[in-house]
Every structure is written in structure tokens, then in C-alpha cells.
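[1] give me a 3D structure for the following:
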Amino acid sequence: MDILGRMNNEAAALRSRMEVLSRQVASGRRAEVLGDLAPQAPRAVDLSNDIARRETYMRAIDRSAGRMEVMQSGLGRLKAIASEFRSEVGMRLSSRDQNALVTVQARARAALTEMGSLLNLRLNGEYLFGGSDMANPPVPDPQALANGPLANAIAAEVATLNNTNAAAVAANTRSLAQDTTAALSPFSTFLEDPAQGAGEPRRSMPVSDGEKLVFGIAANRNAMATSEGETTGGWARDLMRGLMTLMALTPAQLQQREGFEEFAQTIRTGLESAENALAEEMGALGAVQRQATSARTRHQDLSDAMQKQLVAITDVDLAATLTKLQGTRSALEASYRVTASLSDLSLARFLR
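    Numbers count the residues shown, from 1 in each chain. Sure thing, here's the model as predicted:
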């Protein structure tokens with residue numbers, strides 16, 4: 001090949017190089033497709049997939065974190081209601097203070113309605129305490145709780161209180177509150193059905209490969225808490241039973257002094273059981289929140305580290321690439337000038 005041909009080939013190579021560098025400066029990337037990154041392409045694919053997987057986990061954690069925050073707020077208010085009626089209202093119950101009874105009944109009625117609304121908390125259209133039945137309220141009619149079948153049945157039992165049967169009346173109200181049949185239960189049929197909500201696992205969120213954190217709480221049963229003492233077995237039923245019992249008290253029961261004092265103590269201990277179990281439930285949910293936050297931080301840190309590795313493979317150093325582009329352009333221009341000079345040579349000019 002003559003010298004002019006070699007110069008033309010070198011110019012073509014410089015043009016190709018300049019085109020590549022120009023695309024890299026415009027896009028900031030080494031290549032338009034991963035296949036052009038060989039031999040780093042497999043590594044880039046692995047990094048991209050791992051980053052995407054961790055982003056999926058972070059989105060799942062973020063969604064569940066919002067749910068858990070609202071659930072904590074609801075549990076906190078329910079605990080405050082149990083505490084209020086156990087320590088403030090319950091402690092004032094006395095056969096010697098009939099004037100306080102009307103206020104107690106009104107407050108218990110309002111608290112019962114609020115409790116139903118709290119158990120029906122929603123976020124983005126999902127009922128948070130409804131198990132997998134997220135489209136329907138776990139307490140179908142919170143406004144009617146005070147006049148519903150369970151409240152009426154408890155009121156009928158309370159009406160039988162005398163000086164000798166306080167323990168029996170307390171046992172009967174506890175049994176009524178434990179009833180899961182549609183005829184008495186204030187909770188949804190789905191939650192009470194052993195073949196549906198009552199038998200399903202708690203809601204969980206994936207936080208890494210093969211790892212899930214369980215955070216779901218159903219309105220009709222404890223999740224992590226263990227109810228002890230004067231209890232139906234669950235904080236929700238204990239709190240409902242206590243509020244419905246307070247609503248049912250009348251001056252007729254206050255006249256049964258010994259029986260009333262014994263029964264009032266049962267009410268207080270039942271509310272205390274609800275308060276303690278709610279505190280335990282909040283603590284367990286808080287632990288899950290901390291684990292989820294830790295998992296998200298771990299994913300974010302690893303994702304950031306892998307993103308830096310991926311950028312090192314797929315992206316260019318813009319300043320260095322611009323310098324290379326300018327150098328290549330200068331070399332190409334010099335090549336054009338030399339080629340042009342060679343083209344103008346003649347034998348006569350060469351022999352001068």
C-alpha cells in the first residue's frame with residue numbers, strides 16, 4: 001500500500017474514533033448497548049439486576065412502613081382509651097357516687113364508636129386491621145356498636161347483677177365477648193370465619209431473598225401480644241367488653257353495693273388486660289419497624305455501592321473523554337492536511 005493509502009486508512013480510523021467519542025460525550029455512556037461493553041458486559045448485567053432487585057425490596061418496605069406507621073397510631077389511641085377508662089373512669093366507679101354514672105355511660109359510648117373507627121383505619125383504600133380482606137371494614141358498622149347485638153346481650157347480663165352473682169355476671173359477659181358467631185360478633189364474617197380470616201397467616205413484607213417480616217394485625221385477635229388476667233383472650237374484645245359493660249351500668253346496679261364493687265373491679269382488671277396487651281402489641285410492631293428500617297438502609301447502602309461500580313463500567317469520565325475528543329479531532333485535522341499536501345505533490349515539485 002502506498003503512503004497516501006495508509007494516510008487515508010489512518011484518517012478513517014480517526015474519524016471512527018471521533019464518532020465514538022462524540023457519542024460518549026453526548027450520552028455520557030461508553031456504549032449504546034450492553035453488548036458493546038465486552039468483556040465487562042456480564043458484570044454490568046449482574047449489577048443492574050441486583051440493583052433492580054434491591055429497589056423492589058425498598059419499595060415494598062416503604063409501602064409497608066406507611067401502613068405500620070398508621071397502625072401504630074391507631075394502636076396508640078386504643079391503648080390511651082383503655083388506660084383512660086381503667087385509671088380515670090374505672091377508678092371512679094363506686095356505689096356511693098351515682099352522679100358520675102351518666103357521664104361514664106356517655107364517655108363509654110363515644111369511646112366505643114371511636115374504637116370501631118380506629119379498627120377500620122385505612123391507607124390508600126386498604127383496611128389495615130382487616131387481614132387479607134383489605135377492601136371491606138373489619139368492623140362493619142362502628143356507629144351501631146353501642147346498640148348492636150353484643151352490647152345488648154352484655155347489657156342484659158349486667159341487669160341481673162346482685163350482691164351474690166358478680167363473678168357469674170362477669171363470666172357471662174366474658175363469654176359473650178368471646179362469641180364469634182354472626183349473631184353476636186361485631187367483627188366481619190371474614191375475620192371470624194376459621195376457613196377465611198381467622199385461619200389465615202398474618203400479613204408480611206419481603207425484605208430480602210427468602211426473608212419476610214410479619215406485621216399484620218387483625219382487628220379480632222392478638223398478633224404478638226399475650227393477654228393475661230381478666231381477659232377474653234384478645235385486647236380488642238377486652239376493650240369492647242369493658243366499654244359495653246360501662247355503658248350498661250344503671251343506678252339499679254349501684255344499689256347492689258357489694259356486688260357492684262366486686263363487678264367494678266372486674267371491669268377495671270379487664271381494661272388493664274387490654275391496656276397491657278396493646279402496649280405489648282405496639283412494642284412488637286415497633287420492633288418490626290426497626291428491622292424494616294435496618295433492612296432498607298442495608299439495601300440502600302449496597303445499591304449505592306453497586307451503582308458506583310456499574311457507573312464505572314457503563315459511564316465515561318466526561319472531562320477525560322472531552323480531552324480525548326479534542327486530541328483525536330486535532331490528529332484528524334493534521335492527517336487531512338498531510339494528505340492534502342501529499343496529493344498536491346508532482347514529480348517536478350518533488351525533484352526541485
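[2] next one: phi and psi at Asn162?
    Dihedral angles of Asn162 (phi, psi; degrees, to the nearest 10) stand at phi -140, psi -170.
[3] residues in contact with it?
    Gln256, Gly259 (CB atoms under 8 Å, 6 or more residues apart in numbering). Quick note: C-beta positions are derived from backbone N, CA and C, even for glycine.
[4] ok, the one 5 residues further on next?
    Taking CB under 8 Å, 6+ apart, we find Ala167 in contact with Glu262, Thr266.
[5] change it to 6 Å
    Under the criterion of CB atoms under 6 Å, 6 or more residues apart in numbering, Ala167 has no neighbours.
[6] so which helix or strand takes in Val207?
    Using DSSP states H and E, the element containing Val207 is strand 204-208.
[7] I meant Gln253, not that one.
    Per DSSP H and E, Gln253 falls inside helix 251-254.
[8] now do the buried residues in that helix.
    Neighbour-count burial for helix 251-254, with 16 or more other CB atoms under 10 Å as criterion, is recorded at Gln253, Leu254.
[9] now swap in stretch 208-223 and tell me
    Burial within stretch 208-223, assessed by neighbour count using 16+ other CB under 10 Å, is assigned to Leu213, Phe215, Gly216, Ile217, Ala218, Ala219, Asn220, Arg221, Asn222, Ala223.
[10] likewise for stretch 256-272?
    For stretch 256-272, a neighbour-count test (16+ other CB under 10 Å) marks 256, 259-264, 266-272 as buried.
[11] where in the stretch 51-200 of the chain is pLDDT low?
    Counting by pLDDT under 70, the stretch 51-200 of the chain contains low-confidence ranges at 89-100.
[12] for it, which segments are assigned as helices?
    Under the criterion DSSP state H, counting those that start in this stretch, the stretch 51-200 of the chain contains helices at 100-119, 149-158, 166-178, 189-192.
[13] list just the one of the ones you listed that sits closest to Gly130.
    Nearest to Gly130 among those is helix 189-192; the distance by CB to CB comes to 6.9 Å.
[14] how about the strands in the stretch 151-300 of the chain?
    In the stretch 151-300 of the chain, the strands defined using DSSP state E, counting those that start in this stretch lie at 204-208, 211-214.
[15] pull out the buried residues from the first one.
    Residues of strand 204-208 classed as buried by neighbour count (16+ other CB under 10 Å): Met205, Val207.
[16] name the helices or strands packed onto that strand?
    helix 41-83, strand 211-214 (3 or more CB pairs under 6 Å, 6 or more residues apart in numbering; DSSP states H and E).
[17] so which of those is the most surrounded?
    Here the criterion is mean neighbour count by mean count of other CB atoms under 10 Å, and of these the winner is helix 41-83, at a mean of 17.
[18] got the angle for that one vs strand 204-208?
    Per axes from the mean of the first three to the mean of the last three CA atoms, to 10 degrees, the angle that helix 41-83 makes with strand 204-208 is 140 degrees.
[19] tilt between helix 41-83 and helix 100-119?
    Relative orientation of helix 41-83 and helix 100-119, computed by the same axes, to 10 degrees: 170 degrees.
[20] quick check: closest non-adjacent residue to the residue nearest the centre of the chain.
    For the chain, the residue nearest the mean C-alpha position is Ser64 (1.6 Å; CA atoms, centre = their mean). Excluding its sequence neighbours, the residue lying closest to Ser64 (CB to CB, 6 or more residues apart in numbering) is Met205, at 4.0 Å.
[21] wait, doesn't that neighbour sit right on Ala60?
    Yes. With contact defined as CB atoms under 6 Å, Met205 and Ala60 form a contacting pair (5.3 Å).
[22] list the residues that contact Thr173.
    Contact analysis of Thr173 by CB under 6 Å, 6+ apart lists Ile154, Glu157, Arg241, Thr245.
[23] now Ala170. Nearest residue, chain neighbours left out?
    Thr266 (4.2 Å).
[24] and the pLDDT at the one you found?
    At Thr266, the model reports a pLDDT of 94.
[25] how close does it get to Thr160?
    From Thr266 over to Thr160 the distance is 14 Å, taken as CB to CB, to the nearest Å.
[26] could you do Ala60 as well?
    Separation of Ala60 from Thr160 (CB to CB): 53 Å.
[27] now do Glu69
    For Glu69, the distance to Thr160 - CB to CB - is 44 Å.
[28] helices along the stretch 201-350 of the chain, start to end?
    235-248, 251-254, 257-314, 318-344, 347-351.
[29] tell me which residues touch Gly148, please.
    Gly148 makes contacts with Pro186, as judged by CB under 6 Å, 6+ apart.
[30] all good on my end, thank you.
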